[in-house]
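*Asks:* here is my input; please provide its structure:
(2 chains)
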There are 2 protein chains.
Amino acid sequence: MNYWKPDRQSTLPLHKQIEQHIQSKVISGEWPIGTRLPSQRQLAISFEVNRSTITIALDELKSWGIIEGNKGGGTTVINNTWNVIAAASQQTIDWQSYVNAGTHQPNLATIQKINHAEFIQGIIRTGTGELGKELLSHRQISSILKQAPSELFLGYEEPKGNIELRQQIASYVKQWGIYCSVDSILIVSGAIQALQLIALGLLARPSSIIAESPSYIHSIQVFQSAGIPIYSVPLDTQGIHLQKLEATVHLHQPGLLYTIPTFHNPTGRLMSQQRRDDLIRLCQQLRLPIIEDDVYRELWLDDMPPHPLKASDFNGNIVYLGSMSKMMSPGLRVGWIIAPEPVIERLADIKMQTDYGSSNLSQYVASQWFAQGYHQQHVQWIREQLRIRRDQMLTLLQKYFADIADWDIPTGGFYIWIRLTVTVPMRQLFQQAIQANILINPGYLYEAEATSHLRLSYAYTSPEHLQTSLVALKKCILSLRR
Amino acid sequence: MNYWKPDRQSTLPLHKQIEQHIQSKVISGEWPIGTRLPSQRQLAISFEVNRSTITIALDELKSWGIIEGNKGGGTTVINNTWNVIAAASQQTIDWQSYVNAGTHQPNLATIQKINHAEFIQGIIRTGTGELGKELLSHRQISSILKQAPSELFLGYEEPKGNIELRQQIASYVKQWGIYCSVDSILIVSGAIQALQLIALGLLARPSSIIAESPSYIHSIQVFQSAGIPIYSVPLDTQGIHLQKLEATVHLHQPGLLYTIPTFHNPTGRLMSQQRRDDLIRLCQQLRLPIIEDDVYRELWLDDMPPHPLKASDFNGNIVYLGSMSKMMSPGLRVGWIIAPEPVIERLADIKMQTDYGSSNLSQYVASQWFAQGYHQQHVQWIREQLRIRRDQMLTLLQKYFADIADWDIPTGGFYIWIRLTVTVPMRQLFQQAIQANILINPGYLYEAEATSHLRLSYAYTSPEHLQTSLVALKKCILSLRR
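*Replies:* The predicted structure follows:
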């Protein structure tokens, strides 16, 4: 009956496309008031989507008062001058100018596209920095929830967060040689919020920070939005390059160093013990505080990594970040900052002002996760799974990518940082891969100059999909090769 | 054996005081290495605290490596040159200068004191803007948690938040005449985060906003920290004063109006229908967007309030804020913004950058809360309880405060805004009340000039404690009366 179909490659959800399609029929007068719509089944067949997608679209249109359900189960157009249209045409506020005016930087365009494309049905995500669904700890969380006492208190918590969780974390980090009191711990909603609080709370203006390059930090706008530029220092095989670090500090007098010494994102690199010692010594000399992002620590695949920098921090120079997200569940939104008390007090105060603390329910689950002893067993299992996945990815790369790329073998974390040895326009590759239902994380997100790199992740995509996606990705690369 | 006792009026927790006391004994050499500490029981008796408080303090000291448990259950001093002391004396980073340098304003000093004093054991909180523990929905949340499917997905959610929850909210707000699609809804971690996102995402610099005076907004620093001053417009009995609003807009050309039309915080005032209509018309004329904070809507005690401004927003001028915090559970940290799609897209993008979305677990519980039909029954019960508490507070005020204060009778929400008719130095009253184990919310938090006002809340303090606290408060007032 009609030949329009939603575009499956679009980042707009299918139901939304269908909704807009029907709206346009109504506005244009093509479907005047009183028009009876085809049945949901017919629409589903015509648009080649699930019935549930049609249901969502029609429910939306009903909520706007554009269509109405009949007793017989059919649907009729009842209005073509509803609020949205009215709003669109008479709108007195130019919201776009407000949107453009805000001081916070929008996400990088590619990150925005990734954030949306992740929800395209059937898309395979080759670079996602999360554990796949099948690796999440559903069973244990469910068991914690079922045992939750019914008098579970869900009021607000202390500014620094749930005290039991802070006790658990204080005792948990002792195994890596970090000794701290509960008063030096702040519970946050993940490491990204920690960085936001640091940007707002600890740095003067003008001020700058130093980070490795490439680094995860370049893919987010948290420091830039706060007006704090990031100066880059390269990595060598042992970790951040110290001579260059020192030179950059002398040149720019930055306020902080942000580093991921353990299973670095995106390179997977592990800082050696020697480099750690030298880095701590140098930063002390330079009076440069360190933000140590240590969220991948437990995901070692071959040997246990050296202790965190924080374990050798006898002078209180280091702000340490940890998180449940990479090892247990990202959706819980629980992380922590360990730092000298005046720093924690300050950041806790700002956290109260920005979100009034993290979800108590999440904090309760995290605290029970440690208290009930789920953690050890779970990370051991995760390590086994990640080891299998890493090895599979390396085998596939050897088979399909050896002639077009090179890479290092990571000993932990989620990522393989590959460098294409053929010349490919990376932004076009990103787009073309989406057309082929494959989502990639281009290297330029992590280092502007890394136009030949990709961040691959073996954590998210299930082993069944990995081969398909790498084969299809190679095809895209070859087709764009110059 | 010793005469030191922790100070119960201090804002420092008891366990922390005990910890510092023991530390000072060790550092001073009073308790040299090898000293055997008194038993936990003896310490508890000596300091007049619970054994559990002693346990926390000793655990902390153990975690620092200062003391060590023996097999016999005793505890011995093993170190007096531990990391903290080392850190304190050799520290190379001057964190205090970092703390002072950050751009985000610290919380108002009184708010900081309140945030800490809330955790003093036995303190009675007369102004807290939360439901008391006994009014929280433990039973229902517990039932939702017990039924949670074990395959509950705890990965990250879409940038705008859990789709089921957004569907529930779209259908929930229809009862107040708000028709919106799921794409116009953003899930946030409470209304305070919504304001933070708006400050970062929608306002140019320089820019300003307008708010009622008094207003909750003056007690938080979210706009000021973003460099956005707030201009005040007074309230009359019908709501915000329109002539004064118009004059202020012409004078300052603000970017937004922030208003709480329904059961205003702190005055409890309800904007009349006529004023709502006039306000919408005026703001449209002035092209002034409105932030409508509607978190108290369901807590009407006498009659249902008029529909939200948003229900008459045919031109997309209004950003609407709702929350679970005041009607169900603050610790869940779930709220929502309803606004034109470009606004929602922008705020969702910033939210992704600041905390990568709200807790999935909390979003799941909130969604089931509506889906399983708990909501209606619960708010009806809450209204009954609040009605009893409001009436009790009014009776007590009549009995004890008629000669020293006046107030209006609120028809909904949590608050009675009382004005002392005797002259009392409010900051001193705040301090003296804490000495008497009573926490008050002074009016100056909500309006700098409101030096004779207090925000009382009947939501938090249980009926048994209300009389005690008001009697004690009156005593404080009379003792400070000039």
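
*Asks:* scan chain A for its longest helix.
*Replies:* helix A:374-400 (DSSP state H).

*Asks:* buried sites along it?
*Replies:* Residues of helix A:374-400 classed as buried: A:374-375, A:378-379, A:382-383, A:385-387, A:389-390, A:393, A:396-397, A:400 (neighbour count, 16 or more other C-beta atoms under 10 Å in any protein chain shown). Bear in mind the C-beta positions are built from the backbone N, C-alpha and C, glycine included.

*Asks:* run the chain-centre distance for it.
*Replies:* Distance of helix A:374-400 from its chain centroid, counting by C-alpha atoms, centre = their mean, to the nearest Å, is 20 Å.

*Asks:* tell me the helices and strands packed up against it.
*Replies:* Packing contacts for helix A:374-400, counted by 3 or more C-beta pairs under 8 Å, 6 or more residues apart in numbering or on different chains; DSSP states H and E, involve helix A:138-147, strand A:415-420, helix A:463-480.

*Asks:* nearest to chain B, out of these?
*Replies:* With respect to chain B, and counting by C-beta to the nearest C-beta, the nearest of the helices and strands packed on helix A:374-400 is helix A:138-147 at 3.8 Å.

*Asks:* helix A:374-400 and that closest one, what's the angle between them?
*Replies:* With axes from the mean of the first three to the mean of the last three C-alpha atoms, to 10 degrees applied, the angle from helix A:138-147 to helix A:374-400 works out at 160 degrees.

*Asks:* give the rounded mean pLDDT of the next helix or strand after helix A:138-147.
*Replies:* Under the assignment DSSP states H and E, the closest C-terminal helix or strand after helix A:138-147 is helix A:163-172. Helix A:163-172 comes out with an average pLDDT of 95.

*Asks:* where along the stretch 251-400 of chain A do the strands fall?
*Replies:* A:256-259, A:290-293, A:318-323, A:335-338 (DSSP state E, counting those that start in this stretch).

*Asks:* which among the ones you listed is found nearest to residue A:160?
*Replies:* strand A:335-338 (9.5 Å; C-beta to C-beta).

*Asks:* okay, now the unreliable bits of the stretch 101-250 of chain A?
*Replies:* A:153-155 (pLDDT under 70).

*Asks:* quick one, helices of it?
*Replies:* Along the stretch 101-250 of chain A, counting by DSSP state H, counting those that start in this stretch, helices occupy A:109-117, A:138-147, A:163-172, A:191-201, A:222-225, A:242-252.

*Asks:* need the winner for burial among the ones you listed.
*Replies:* A comparison of the helices of the stretch 101-250 of chain A by mean neighbour count, using mean count of other C-beta atoms under 10 Å in any protein chain shown, puts helix A:191-201 on top with a mean of 26.

*Asks:* and that helix, is it in reach of chain B?
*Replies:* Yes: looking at helix A:191-201 against chain B by C-beta under 8 Å from any C-beta of the partner chain, the contacts come from A:192-193, A:196, A:200-201.

*Asks:* do stretch A:445-456 as well
*Replies:* No: Stretch A:445-456 is not in contact with chain B by C-beta under 8 Å from any C-beta; minimum separation 13.5 Å.

*Asks:* re earlier: next structured bit after the longest helix of chain A?
*Replies:* As assigned by DSSP H and E, the chain's next helix or strand after helix A:374-400 is strand A:405-407.

*Asks:* that next one packs against which elements?
*Replies:* Strand A:405-407 packs on strand A:415-420, going by 3+ C-beta pairs under 8 Å, 6+ apart.

*Asks:* spell out which parts of the stretch 251-400 of chain A neighbour chain B.
*Replies:* Selection of the stretch 251-400 of chain A residues close to chain B by C-beta under 8 Å from any C-beta yields A:255, A:284, A:287, A:289, A:314-317, A:329-334, A:340, A:342-343, A:345-346, A:349-350, A:352-362, A:365.

*Asks:* report the distance from stretch A:201-214 to the chain centre.
*Replies:* How far stretch A:201-214 lies from its chain's middle: 21 Å, per C-alpha atoms, centre = their mean.
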